[in-house]
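# below is the structure, and that's it, no one-letter string:
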């Protein structure tokens, strides 16, 4: 049973370019979460999605960041016009349900470096 | 609002010695608490979770944690450290779907 898949594992972008991060949840999971880990910090919640719906994007920066989870295919986190401060590790997690007791399973992360 | 504080960003232990990682939480409602481990360049792996059943929770790889409401703590322990325990450990709290993580504690194990 494959775990949460993320690609690419490493992504290098120049300032002003776009970054697209992909996440395929565990089989049978319809709840997806994105977290960001800045250097020397813990993970911070960004957004929670179900198929075709954004449920909670309270942790997303208001500009340049967007997320989607289409009916078919992986969830995408998109960062437009990247800046150096976007350099971080971005983790996707998935769960079977959205209750507090439902375990979130994490992918290996995408490490974004902005030059 | 909920949050966790991990005391000590770095812990160094000798192989075979006790591992103790401290986590204190703040939550306005009964919390659910988690410990995750992160190996270099990998994602987070769940070690154990507290979901209001037994206060002493046993996890994988010989780790356990005890929920103490009076102390608002959820410290992680392992009686005997192994070299493979070298990693970063994160405590997290939630009362819905949004996990709030501590800043992490890096464990090094001396031979």
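Here it is on my side, so go on. Fair warning: this is a prediction, and the values are worked out from it, not measured in the lab.
# pLDDT score for residue 86?
As the question left the chain open, I've gone with chain A. Residue A:86 carries a pLDDT value of 96.
# chain B was what I was after
So, for residue B:86, pLDDT stands at 96.
# quick one: residues contacting it.
Residue B:86 sits next to B:107-109 when contact means C-beta atoms under 8 Å, 6 or more residues apart in numbering or on different chains. Backbone N, C-alpha and C define where each C-beta goes, glycine included.
# please indicate which of the residues you listed are buried?
Buried members of these, scored by 16 or more other C-beta atoms under 10 Å in any protein chain shown, are B:107, B:109.
# spatially central residue in the chain, please.
As the question left the chain open, I've gone with chain A. Nearest residue to the geometric centre of chain A (C-alpha atoms, centre = their mean): residue A:34, 3.5 Å.
# um, chain B though
residue B:35 (3.8 Å).
# can you say which helix or strand has the closest residue to that one other than its chain neighbours in it?
Closest residue to residue B:35 apart from its sequence neighbours, by C-beta to C-beta, 6 or more residues apart in numbering or on different chains: residue B:47 at 4.3 Å. Using DSSP states H and E, the element containing residue B:47 is strand B:44-50.
# show me what secondary structure element comes after that strand.
Following strand B:44-50 toward the C-terminus (DSSP H and E): strand B:56-58.
# which parts of chain A sit against chain B?
A:4, A:6, A:31, A:33, A:35, A:40-45, A:48, A:56, A:59, A:91, A:93, A:95, A:98-109, A:111 (C-beta under 8 Å from any C-beta of the partner chain).
# of those residues, grab the buried ones for PyMOL.
Remark: buried members of the residues of chain A next to chain B, expressed as a PyMOL selection using 16+ other C-beta under 10 Å:
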select buried, chain A and resi 4+6+31+33+35+42+43+45+48+56+59+91+93+95+98+100+102+104+105+106+107+108+109+111
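# among the residues of chain A next to chain B, which are in strands?
A:6, A:31, A:33, A:35, A:43-45, A:48, A:56, A:91, A:93, A:95, A:105-106, A:111 (DSSP state E).
# single out whichever of the residues you listed has the smallest pLDDT.
Ranking those by pLDDT puts residue A:43 at the bottom, with 90.
# for residue B:43, see how far away that residue is.
10 Å (C-beta to C-beta, to the nearest Å).
# now residue A:30
Taken as C-beta to C-beta, the span from residue A:30 to residue B:43 is 20 Å.
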